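**Student:** model the following, please.
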Amino acid sequence: PNPLHDDHPLGSYVLRVNGTDRPVTDAWIGESLLYVLRERLGLAGAKDGCSQGECGACNVQVDGRLVASCLVPAATTAGSEIRTVEGLAVDGQPSDVQRALAACGAVQCGFCVPGMAMTVHDLLEGNPAPSDLETRRALCGNLCRCSGYRGVLDAVREVVAEREASTPAQDEHADEARIPHQAGPGAGGVHQNAYDDGTYEGPHGPYGQDGGQA
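**Tutor:** Got it, this is the predicted structure:
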């Protein structure tokens, strides 16, 4: 007799996470990157807040692009460079962004702050001196019920000031910075257009349904 159809085929692959190859064996190929990171690889920094790409708590970078890991099939990221909040530390110490978030009171219950840290790192990698409005736009996909976002804005300013104080002045004719923006809530993950032209028009306006909370 013909074999029964398998609705849950298994596969094995290798993920490169925070600079280290991590094998994943006998895993359902439909598992999300968030599930594999947390349940199979023990990297619990990314949080499962909504499973719909709207809250930003599970943000990670894949090949330098900010994504909602709950929406990304893990098997599709084999061969990519994945960075999680655990990979932000430098020489075993929290990054300047993580330290600033803590010092400025942005860390409340702690559930959403790993995703915020990833968003802020992604923002500053593309735009080393964002305005408050640019920071708000980048954070429009990170939902937080505790901090009120003011501490996050303060933390970004503090990091920018510290980096400018320790970095020689840049050529005033340097290329214009890339300004990454997350997609608005409901759009799921990061919208490609946000990286192409620096804008995103969501279903409820340019900042998404909850953009005003930032």
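**Student:** ok, now how distant is the spatially closest residue to residue 124 that is not a sequence neighbour from residue 101?
**Tutor:** Nearest non-adjacent residue to residue 124, counting by Cβ to Cβ, 6 or more residues apart in numbering: residue 159, 6.6 Å away. No exception for glycine: its C-beta is placed from N, CA and C like everyone else's. Per Cβ to Cβ, to the nearest Å, residue 159 is found 9 Å from residue 101.
**Student:** mind checking which of those two has more residues around it?
**Tutor:** Comparing residue 159 with residue 101 by other Cβ atoms under 10 Å, the one with more neighbours is residue 101, at 26 against 22.
**Student:** so who does the more buried one touch?
**Tutor:** Contacts for residue 101 (Cβ atoms under 8 Å, 6 or more residues apart in numbering) come out as 107, 113, 116-117, 120, 151-152, 155.
**Student:** gap between it and residue 94?
**Tutor:** As for residue 101, its distance to residue 94 is 9 Å (criterion: Cβ to Cβ).
**Student:** do residue 160 as well
**Tutor:** From residue 160 to residue 94 the distance is 17 Å (Cβ to Cβ).
**Student:** with residue 39 instead?
**Tutor:** 25 Å.
**Student:** got it, and residue 83?
**Tutor:** From residue 83 to residue 94 the distance is 15 Å (Cβ to Cβ).
**Student:** please say which of these two ends up with more neighbours.
**Tutor:** Set residue 83 next to residue 94 and count neighbours by other Cβ under 10 Å: residue 83 wins out with 20 against 14.
**Student:** just give me the residue right at the centre of the chain.
**Tutor:** When Cα atoms, centre = their mean is applied to the chain, the residue found nearest the centroid is residue 59 (3.2 Å).
**Student:** beta partners for that one?
**Tutor:** Judged by DSSP bridges, the bridge partners of residue 59 are residue 68.
**Student:** unless I'm mixing things up, it is touching residue 119, no?
**Tutor:** Yes. With contact defined as Cβ atoms under 8 Å, residue 59 counts as touching residue 119 (5.8 Å).
**Student:** can you show me the strands along the protein?
**Tutor:** For the chain, the strands defined by DSSP state E occupy 10-17, 20-28, 59-62, 65-68, 81-83.
**Student:** among those, which comes closest to residue 131?
**Tutor:** Taking Cβ to Cβ, strand 65-68 is the member of the strands of the chain nearest to residue 131, at 18.9 Å.
**Student:** for that closest one, packing partners?
**Tutor:** strand 59-62, helix 113-126 (3 or more Cβ pairs under 8 Å, 6 or more residues apart in numbering; DSSP states H and E).
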